[in-house]
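K.L.:
One predicted model, sequence on top.
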Amino acid sequence: MSNELERFLLNPRYRLQWEEAQGCHVLLYPEGLVRLSGSAAEILKRCQSPISRAALVADLQRKFPGAETLREDVAEFLQQARQREWIQRAED
């Protein structure tokens, strides 16, 4: 995901929700669930509608102004999320 303006969104096979029993956000899918860290949940919350990496990073920087490696961390997470098929490219 090298293009800052490429838009992506949560894969419709997954549903992001807060799971009280787990005490965290999870991604639900037909075969089970994935427990998410707080930072993963913050990123994926913003991916429920099409968003570019640039817009995602800008939004997170407003919420977490002291996060120095935010841009790199988001890029790494998005790459992993795409490999795991949690997110997909948004059709224009």
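P.N.:
Thanks, I have it. Numbering: from 1, shown residues only.
K.L.:
Roughly how far does the residue lying closest to F77 once chain neighbours are set aside sit from A21?
P.N.:
The spatially closest residue to F77, leaving aside those adjacent along the chain, is I43, at 5.7 Å (Cβ to Cβ, 6 or more residues apart in numbering). Placement of C-beta: from N, CA and C, glycine included. Remark: distance between I43 and A21 (Cβ to Cβ, to the nearest Å) = 23 Å.
K.L.:
which of these two has more neighbours?
P.N.:
Shown here are I43 and A21; by other Cβ atoms under 10 Å, I43 has more neighbours (23 against 6).
K.L.:
so after the helix or strand harbouring the more buried one, what's the next helix or strand?
P.N.:
Assigned by DSSP states H and E, I43 belongs to helix 38-45. Following helix 38-45 in sequence order, the next helix or strand is strand 51-52 (DSSP H and E).
K.L.:
contact partners of that following strand?
P.N.:
Strand 51-52 is contacted from outside by E4, L5, E6, R7, F8, L9, A90, using Cβ atoms under 8 Å, 6 or more residues apart in numbering.
K.L.:
Just the buried residues of those residues.
P.N.:
If you count burial by 16 or more other Cβ atoms under 10 Å, the buried members of the contacts of strand 51-52 come out as R7, F8, L9.
K.L.:
which SS class is the second one?
P.N.:
Read that as F8. With DSSP: H, G, I helix; E, B strand; the rest coil as the basis, F8 sits in strand.
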